[in-house]
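Colleague: Sequence and predicted structure below; questions after.
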Amino acid sequence: MSNQDDLISSDINAYLDQHEKKELLRFLICGSVDDGKSTLIGRLLYDSKMIYEDTLAKLEKDSAVHGTTGGGFDPAMLTDGLKEEKEQGITIDVAYRYFSTAKRKFIIADTPGHVQYTRNMATGASTADLAIILIDARPGHGVMEQTKRHSFIASLLGIKHVLVAVNKMDLVDFSEAVFREICDDYREFAQRLDPNDLHFIPISALNGDNVVERSENTPWYNGSTLMNFLETVYIGSDRNLKDFRFPVQSVIRPNLDFRGFAGTIASGIIRVGDEVMSLPSRKTSRIKEIVTFDGNLEEAATPMSVTLTLDDEIDSSRGDMIVKPGNLPKLEQKFDAMLVWMSDAAMVPGRQYIFKHTTKMVTGNFSTLRYQIDVNTMHSSPAPTLELNQIGRVNVVLNQPICFDRYRTNKSTGAFIVIDRITNVTVAAGMIIDQRTSENTGASWEKASVSESLVEEISAVTPEERASRYGQKPTTILFTGLPGSGKSTTAFGVERQLFDMGRSAMVVDGQNMRIGLSRDLNFSKDDRSENVRRAAEVAALMNDAGLICLLSFVSPNDDDRKKAAGVVGDDRFFVVHLKAPEEICQQRNESEQSASEDSPRESQVNYQEPTDADLVLDTAELKPADCVAKVIALLEAKEII
């Protein structure tokens with residue numbers, strides 16, 4: 001094994017020192033079954049001369065017996081280490097390989113492609129900086145179900161850099177058209193995942209085309225080779241250096257004169273003299289020393305393992321967290337999380353499990369399974385439980401508070417694992433999202449004011465003065481219909497038309513409400529009702545200001561629509577029903593909606609059609625411009641504009 005470096009022979013100590021300071025890139029290779037993941041890793045190591053000679057000899061022997069290349073050299077044999085893997089020619093467990101070049105050190109996670117081993121893939125992705133998604137270029141393959149599943153999990157686990165390697169290009173004669181078609185298909189799917197950094201490379205892992213050396217078979221491709229991309233992709237900004245989080249792993253007290261708190265810095269930077277706070281006690285002190293095996297430091301940063309000593313004797317033990325007073329994590333025992341279920345035994349809501357978060361272990365349960373996600377369509381649907389390899393959003397209730405951050409902000413303090421209390425088996429992995437569990441969030445149509453002493457203030461500007469100023473009557477129009485029926489398209493079209501006519505109008509969209517004002521609500525019947533109530537209150541305020549409010553909501557319950565009219569005022573509330581067959585709405589929904597852990601899909605709605613709508617628009621027959629024209633005609637007929 002040799003990384004061709006002159007320092008190895010001339011100055012081994014200098015080489016080791018240089019090697020130690022190289023940046024480390026963790027990446028995983030995933031994709032559907034037989035896309036060539038193990039072959040790519042083997043080729044990567046072989047072409048970069050990172051295989052010992054005895055290992056290479058054994059590899060050639062195994063290739064003749066178990067290989068899939070007709071007796072020729074099979075690079076996949078290098079990583080398919082289990083006997084079952086070699087016999088079946090598939091990857092079962094996560095295989096890790098380590099190598100380095102002159103520029104970087106690498107840890108590769110070779111993850112399995114079969115559906116039943118998705119949990120293994122999630123394990124490999126949990127620490128990765130970059131994901132290589134392999135896609136088979138052969139006809140009938142392309143973007144498969146497992147490709148989507150792995151891409152979704154990579155996105156869910158916050159992997160910011162994605163490289164799509166279109167493999168087996170040699171079997172399609174290195175066709176540029178095939179490569180472009182696969183790229184377009186994946187881009188269309190990836191729009192729902194919102195990848196930060198997406199790249200495509202055509203390769204042949206078996207023959208080494210565009211893996212380490214540029215291939216002469218792809219003259220139409222001007223991009224980087226796979227190895228060059230791995231050596232140059234910038235990951236410096238991926239680590240959180242802003243929020244200092246130090247979970248205490250142990251307290252070191254070898255004698256009466258020394259008391260230190262040992263652990264790994266989860267995020268941020270710490271310096272001698274910095275003020276810190278220990279949670280949950282909230283006791284403060286200052287950093288006296290930063291102690292390591294190699295000597296004391298003036299500063300340390302993630303992911304270093306250090307021992308911190310403080311100026312004051314404060315009580316802090318394993319499971320506590322040392323932070324900076326001006327930048328605190330949340331300290332709560334209830335939160336929402338995305339969960340990947342990894343056990344053959346189904347999740348049981350309400351059952352007690354052990355939750356391991358950083359260095360702390362507490363008991364708790366899943367109070368509610370909000371929804372399960374179909375990773376192929378990105379739609380959510382109600383479900384009583386989660387089975388093996390399924391993903392859903394849950395409400396977590398712990399028996400004591402923990403210090404956490406949003407997973408997207410801090411992977412270390414935003415992640416946890418779930419352990420069965422009886423078998424001690426890890427059954428799930430969770431990612432905390434930036435929304436709190438809502439309790440008793442039922443609709444508040446009939447609830448009394450927070451304080452009976454509150455008195456409504458009356459504006460000095462009369463409604464007549466506002467109507468005269470704006471040249472319109474303040475009105476609320478509710479655009480209601482199934483998801484995908486065209487509510488938002490029509491509402492925003494009407495807003496544009498009114499603006500061009502010199503009128504003052506604004507759309508209040510249901511999705512936008514859930515991102516902001518209603519971010520604490522889910523999609524239960526009560527929470528849908530509460531979302532409409534809040535929108536009606538906003539609409540009433542906008543009408544009082546003289547504006548035309550255009551509400552775009554599913555609002556499936558007829559009773560809620562009538563209550564909303566009561567909040568706004570029956571005389572200034574109109575209902576426009578956008579009607580289309582369910583199958584058409586479903587198709588639009590799949591193509592238009594994007595998915596993330598914070599914006600679930602409304603794939604199943606028990607919708608009650610309004611019986612007294614002021615206007616019904618058949619969006620299966622009418623064009624968007626025609627729908628807008630009919631709404632404008634309604635406003636003119638009602639003398640609103």
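Modeller: Sure, I can see it. Residues are numbered from 1 along each chain as shown.
Colleague: got the domain boundaries for the chain?
Modeller: 7-232, 245-323, 330-432, 463-637 (automatic domain parsing).
Colleague: Among those domains, which comes closest to Arg239?
Modeller: domain 245-323 (5.8 Å; C-beta to C-beta). Backbone N, C-alpha and C define where each C-beta goes, glycine included.
Colleague: Is Val397 in contact with Asp336, as I believe?
Modeller: No. Applying C-beta atoms under 8 Å as the test, Val397 and Asp336 come out as separate, 10.7 Å apart.
Colleague: which of the two has more neighbours?
Modeller: Legend: neighbour count by other C-beta atoms under 10 Å for Val397 and Asp336, higher for Asp336 (23 against 16).
Colleague: quick one: pLDDT of that one?
Modeller: On the pLDDT scale, Asp336 is placed at 92.
Colleague: quick one on the thing from earlier: so for Glu457, which of the domains of the chain sits nearest?
Modeller: domain 463-637 (11.0 Å).
Colleague: Mind putting the domains of the chain into CSV with distance to Asp238?
Modeller: Putting the domains of the chain into CSV (distance: least, C-beta to C-beta, whole Å) gives the following:
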stretch, distance to Asp238
domain 7-232, 6
domain 245-323, 11
domain 330-432, 10
domain 463-637, 18
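Colleague: And the ones you listed, which one averages the lowest pLDDT?
Modeller: Among the domains of the chain, domain 7-232 scores lowest, at a mean of 78.
Colleague: which SS class is Ala467?
Modeller: Classification of Ala467 by DSSP: H, G, I helix; E, B strand; the rest coil places it in helix.
Colleague: Work out for me the element the closest residue to it other than its chain neighbours sits within.
Modeller: Once flanking residues are discounted, Ala467 sits nearest to Lys473: 5.8 Å by C-beta to C-beta, 6 or more residues apart in numbering. Using DSSP states H and E, Lys473 sits in no helix or strand.
Colleague: and Lys473, what does it touch?
Modeller: Applying C-beta atoms under 8 Å, 6 or more residues apart in numbering to Lys473 gives the contacts Ala467, Arg572, Glu639, Ile640, Ile641.
Colleague: So which of the residues you listed sit within strands?
Modeller: Assignment to strands by DSSP state E places none of the contacts of Lys473 there.
Colleague: And the furthest pair within the residues you listed?
Modeller: Counting by C-beta to C-beta, the most remote pair of the contacts of Lys473 is Arg572 and Ile641, 13.1 Å apart.
Colleague: the more surrounded of the two?
Modeller: The neighbour comparison of Arg572 against Ile641 (other C-beta under 10 Å) goes to Arg572, with 20 against 17.
Colleague: how long is stretch 320-340 end to end?
Modeller: Start and end residues of stretch 320-340 are separated by 26 Å (C-alpha to C-alpha, to the nearest Å).
Colleague: For it, which residues meet the burial criterion?
Modeller: Buried residues in stretch 320-340, defined by neighbour count with 16 or more other C-beta atoms under 10 Å: 320-324, 328-329, 335-340.
Colleague: Filter the residues you listed down to the ones in strands?
Modeller: The strands, defined by DSSP E, take in Met321, Ile322, Val323, Phe335, Asp336, Ala337, Met338, Leu339, Val340 from the buried residues of stretch 320-340.
Colleague: quick one: which two of those are the most distant?
Modeller: Ile322 and Val340 (29.4 Å).
Colleague: what about Ser38, neighbour count?
Modeller: Using other C-beta under 10 Å, the number of residues around Ser38 comes to 28.
Colleague: And Gly364, by the same measure?
Modeller: Counted with other C-beta under 10 Å, the neighbours of Gly364 add up to 20.
Colleague: just checking, it touches Val394?
Modeller: No. Shown here, Gly364 and Val394 do not form a contact pair, counting by C-beta under 8 Å, at 10.8 Å.
Colleague: follow-up on the earlier one: any idea which of the ones in strands among the buried residues of stretch 320-340 is closest to Gly208?
Modeller: Comparing those against Gly208 with C-beta to C-beta places Val340 closest, at 34.4 Å.
Colleague: That closest one and Lys525, how far apart?
Modeller: Counting by C-beta to C-beta, to the nearest Å, the separation of Val340 from Lys525 is 27 Å.
Colleague: residue ranges of the strands in the stretch 351-500 of the chain, please?
Modeller: With strands called from DSSP state E, counting those that start in this stretch, the stretch 351-500 of the chain shows them at 353-357, 360-374, 379-381, 391-404, 415-419, 426-432, 476-480.
Colleague: Show me what the first one is packed up against.
Modeller: Contact partners of strand 353-357 among helices and strands, from 3 or more C-beta pairs under 8 Å, 6 or more residues apart in numbering; DSSP states H and E: strand 360-374, strand 391-404, strand 415-419.
Colleague: Out of those strands, the one nearest Arg533 is which?
Modeller: strand 360-374 (20.0 Å).
Colleague: Go through that closest one and flag the buried ones.
Modeller: Buried residues in strand 360-374 (16+ other C-beta under 10 Å): Lys360, Val362, Gly364, Asn365, Phe366, Thr368, Leu369, Arg370, Tyr371, Gln372, Ile373, Asp374.
Colleague: Same question for stretch 226-241.
Modeller: For stretch 226-241, burial by neighbour count (16+ other C-beta under 10 Å) applies to Leu226, Met227, Asn228, Phe229, Leu230, Glu231, Val233, Ile235, Asn240.
Colleague: I'd like these as a markdown table, with distance to Leu206 and secondary structure appended.
Modeller: Below are those laid out as a markdown table (distance: C-beta to C-beta, whole Å; DSSP: H, G, I helix; E, B strand; the rest coil):
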| residue | distance to Leu206 | secondary structure |
| --- | --- | --- |
| Leu226 | 14 | helix |
| Met227 | 16 | helix |
| Asn228 | 20 | helix |
| Phe229 | 19 | helix |
| Leu230 | 19 | helix |
| Glu231 | 22 | helix |
| Val233 | 24 | coil |
| Ile235 | 29 | coil |
| Asn240 | 39 | coil |
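Colleague: what number of residues lie near the residue nearest to Thr619 when sequence neighbours are not counted?
Modeller: Distances taken as C-beta to C-beta, 6+ apart place Gly486 nearest to Thr619, at 4.0 Å, with adjacent residues excluded. Neighbour count for Gly486, taken as other C-beta under 10 Å: 25.
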